[in-house]
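Colleague: please work out how this folds:
(2 chains)
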Amino acid sequence: MAALQSVKGFKDILPGETELWQSIEEEAKRIFRHFGFREIRLPMLEKTELFARSIGESTDIVEKEMYTFQDRGGDLLTLRPEATAGIVRAYLQHKLYAREAVHKFYTIGPMFRRERPQKGRYRQFSQINAEIFGLTSPYVDAQLILVLVHLMTALGVDDAEPHINSLGCPQCRPAFREALMAFLENASGALCSDCQRRRTTNPLRVLDCKVPGCREATIGAPALADYLCEECREHFATVRRALESQGVAYMVDDRLVRGLDYYVRTTFEIQTGALGAQNAIAGGGRYDGLARALGGPDIPATGFAIGLDRLAEIVGLRRQPDLPCPPLFIAALGDQAREQAFQWLSRLNTAGIAADMEFSDKSLKSQMKRANKLGASHVLIVGEHELEQGVVTLRDMASKEQVDIPVPEVTDRLLERFPNSGG
RNA sequence: GUGGGUGUAGCUCAGUUGGCAGAGCAUCAGGUUGUGGCCCUGAGGGUCGUGGGUUCAAGUCCCAUCACUCACCCCA
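Modeller: Take a look at the predicted model:
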């Protein structure tokens, strides 16, 4: 173990796996385009203050998971632990709200949190984010969920179930919070030690606890739904109607609580059982107050994040990788032949044709083996005997048929037979 | 931060009551001098995670340490 290793929780994505990631990203981009989202690309490094103010000072993410450091100029910087804060920052910084009332963004990239790694959880992980600015309409909440469901279906993830909930708003949530705290105080004896702590710091989270004792103790707990104000109630009802009108099967989960402070009203998660303890592969919700909290105008917003690593693992489980294979392999025998082969190969490659050759001095048998392994449909055999006679041989690997091609015609014949694949 | 599991060839793993480090797959080379897949033969590749200890002798027993992994926590 003398060779250097990657940093804990940071992983490499090797060829064979990158194809899967690319296909997922392409599918997502295609769907985003259809739904009217445009790509935004952002720095991975932001001022620490941005995350403290958006995610919430007392969240675990900010308190103990961020990669924060002082740069050489003394600025306190943080590798982004999530994307929404940066998107809002960019949106405000460039005053995009002044150009048009509504913006729909997506972005794909790495996030960083220093947690203990486990299945489906890494210190650098990628997310696909989508955000909609400038609309309070419940229909855009529904549209986001629809995008997620649509993407899951397109990727063949059939057991992905949207869980939805409403967290209320600053008007109605405080009353619920108080009622819940009062309830938990009575039930406190039955709660686990973590929930004892959460009871005061983040009472909503107690509802989310997995410990059976806590689930039992909170059975009669106040329900958020009963405390929603008229506007929130109507908003949530419209989200549900919109989903139903699209035939989206969803589950109302009144215990669905999001970990970030900025969420209000609609929240949702896409869950699956395929990933051990990490059952959420996507999550999101409405964050109407965030733009204002970051010093901008009062602009409503809603969005989601997909855990791309988790999604790739799930999709990878149910899909055989189809490796890209060049249609043509050139086998050259001897120095002269290799020189000629390299010229042809380069000509083909620059013309957009996937092809490869053997560059070292190997036996024809060995070169044929390699061509077979690469999955080439044809092999161009460039041998000294043929060159002397002014021809080369093209072998069809499936039918084993071989035809001679006169040297002057090689490029044209190959360009004709292997049209630019475009890929 | 807390707990459990696992570390032997590139990969998946055997390795008996301590007694010469193995298999399959993969790689490479051959199987009449220039033709792939199947088959056959052979080769390369390991300080047994690392450092101590016990012993005539440690992959095996003991201690420490590191790494990986799963779970808690948190979240996508």
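
Colleague: low-confidence bits of the stretch 251-400 of chain A, can you list those?
Modeller: When residues are selected by pLDDT under 70, those of the stretch 251-400 of chain A lie in A:259, A:320-324.

Colleague: also the stretch 1-150 of chain A?
Modeller: A:1-2.

Colleague: if you set the cut-off to 90 instead, what comes out?
Modeller: A:1-6, A:14-17, A:19, A:55-64, A:119 (pLDDT under 90).

Colleague: please, where are all the strands along it?
Modeller: Under the criterion DSSP state E, counting those that start in this stretch, the stretch 1-150 of chain A contains strands at A:38-39, A:45-47, A:67-70, A:76-79, A:103-112, A:124-133.

Colleague: reformat these as TSV; add mean neighbour count and distance to A:Gly390.
Modeller: All C-beta atoms are positioned from the backbone trio N, CA, C, and that covers glycine. Formatted as TSV, those follow (neighbours: other C-beta atoms under 10 Å; distance: least, C-beta to C-beta, whole Å):
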stretch	mean neighbour count	distance to A:Gly390
strand A:38-39	11	53
strand A:45-47	16	61
strand A:67-70	13	64
strand A:76-79	18	62
strand A:103-112	20	52
strand A:124-133	22	54
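
Colleague: any idea which of those gets closest to RNA strand B?
Modeller: Minimum separation from RNA strand B across those (C-beta to the nearest atom of the strand) falls at strand A:124-133, 3.6 Å.

Colleague: coming back round to it: in a markdown table, list the strands of the stretch 1-150 of chain A along with distance to RNA strand B.
Modeller: Shown next, in a markdown table, are the strands of the stretch 1-150 of chain A (distance: least, C-beta to the nearest atom of the strand, whole Å):
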| stretch | distance to RNA strand B |
| --- | --- |
| strand A:38-39 | 19 |
| strand A:45-47 | 16 |
| strand A:67-70 | 13 |
| strand A:76-79 | 13 |
| strand A:103-112 | 7 |
| strand A:124-133 | 4 |
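
Colleague: which one of these lies closest to A:Thr200?
Modeller: Among these, the nearest to A:Thr200 by C-beta to C-beta is strand A:67-70 (26.2 Å).

Colleague: parallel or antiparallel, which strands does that closest one pair with?
Modeller: Strand A:67-70 sits in its sheet next to strand A:76-79 (antiparallel), going by DSSP bridges.

Colleague: which residues does the spatially most central residue of chain A contact?
Modeller: In chain A, the centroid-proximal residue (C-alpha atoms, centre = their mean) is A:Leu308; its distance is 2.8 Å. Contacts here follow C-beta atoms under 8 Å, 6 or more residues apart in numbering; on that basis A:Leu308 touches A:Trp21, A:Ile24, A:Glu25, A:Ile108, A:Phe125, A:Ser126, A:Gln127, A:Ile128.

Colleague: kindly report the same for A:Ile306.
Modeller: A:Ile306 makes contact with A:Ala28, A:Gln127, A:Ile128, A:Asn129, A:Leu148, A:Leu151, A:Ile270, A:Ile281, A:Ala282 under the criterion C-beta under 8 Å, 6+ apart.

Colleague: ok, now with 6 Å
Modeller: A:Ile306 is in contact with A:Ile128, A:Ala282, counting by C-beta atoms under 6 Å, 6 or more residues apart in numbering.

Colleague: wait, is it part of a strand?
Modeller: Yes: assessed with DSSP: H, G, I helix; E, B strand; the rest coil, A:Ile306 lies in a strand.

Colleague: that one bridge partners, please.
Modeller: Under DSSP bridges, the beta-bridge partners of A:Ile306 are A:Ile128, A:Ala282.

Colleague: state the distance from the spatially closest residue to A:Ala90 that is not a sequence neighbour to A:Gly9.
Modeller: Nearest non-adjacent residue to A:Ala90, counting by C-beta to C-beta, 6 or more residues apart in numbering: A:Leu42, 5.8 Å away. According to C-beta to C-beta, to the nearest Å, A:Leu42 and A:Gly9 sit 22 Å apart.

Colleague: quick one, strands of the stretch 301-423 of chain A?
Modeller: According to DSSP E, counting those that start in this stretch, the strands that the stretch 301-423 of chain A contains are A:301-307, A:328-332, A:355-357, A:378-382, A:391-396, A:402-406.

Colleague: tell me the helices and strands packed up against the fourth one.
Modeller: Secondary-structure packing of strand A:378-382 (3 or more C-beta pairs under 6 Å, 6 or more residues apart in numbering; DSSP states H and E): strand A:328-332, strand A:391-396.
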